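build me a model:
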Amino acid sequence: QVQLTESGGGLVQVGGSLRLSCAASGRTFSRYAMGWFRQAPGKEREFVAAISRSGGSTYYADSVKGRFTISRDGAKNTVYLQMNSLKPEDTAVYYCAADSRRSGVTVTLTPTAYDYWGQGTQVTVSS
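Residues are numbered from 1 along each chain as shown. I've put the predicted structure just below:
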């Protein structure tokens, strides 16, 4: 099992930046592809970004492409989401998730494919 803890959320103005972190417990971090999802009030959870086990493959939702960057640091067992040029529509609770079944450079956008989830961190973008 792996436990995930997000941090780095907060209140930021339009056009600002935030970096979210997701720390994973245990020594098997490299066995998981990792993803970031978000959920706004009254909306379904949606995919934001994903990174493969090795970090060699990344994928982004069209709504964040060019503004957000996902990365991972194996030495720190941490995955990051750098968010730039933030918009009010980016306001949501952001969750990181771990996927044990995808191997190599494969990632998935499907929330139900992820085995473990963090508790979420709130991001609010004010206009």
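
residues near residue 53, how many?
22 (other C-beta atoms under 10 Å). For the C-beta atoms, the positions are set from N, CA and C on the backbone; glycine is no exception.

ok, and the closest non-adjacent residue to it?
The shortest distance from residue 53 to any non-neighbouring residue, by C-beta to C-beta, 6 or more residues apart in numbering, is to residue 33 (5.4 Å).

for the host helix or strand of residue 79, packing partners?
Using DSSP states H and E, residue 79 maps to strand 78-83. The contact analysis (3 or more C-beta pairs under 8 Å, 6 or more residues apart in numbering; DSSP states H and E) places strand 78-83 against strand 18-24, strand 33-39, strand 46-51, strand 68-73, strand 92-99.

need these in JSON lines (columns: mean neighbour count, distance to residue 111 and mean pLDDT).
Below are the helices and strands packed on strand 78-83 laid out as JSON lines (neighbours: other C-beta atoms under 10 Å; distance: least, C-beta to C-beta, whole Å; pLDDT from 0 to 100):
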{"stretch": "strand 18-24", "mean neighbour count": "20", "distance to residue 111": "15", "mean pLDDT": "97"}
{"stretch": "strand 33-39", "mean neighbour count": "25", "distance to residue 111": "6", "mean pLDDT": "97"}
{"stretch": "strand 46-51", "mean neighbour count": "22", "distance to residue 111": "7", "mean pLDDT": "97"}
{"stretch": "strand 68-73", "mean neighbour count": "18", "distance to residue 111": "16", "mean pLDDT": "97"}
{"stretch": "strand 92-99", "mean neighbour count": "23", "distance to residue 111": "7", "mean pLDDT": "97"}
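
many thanks, have a good one.
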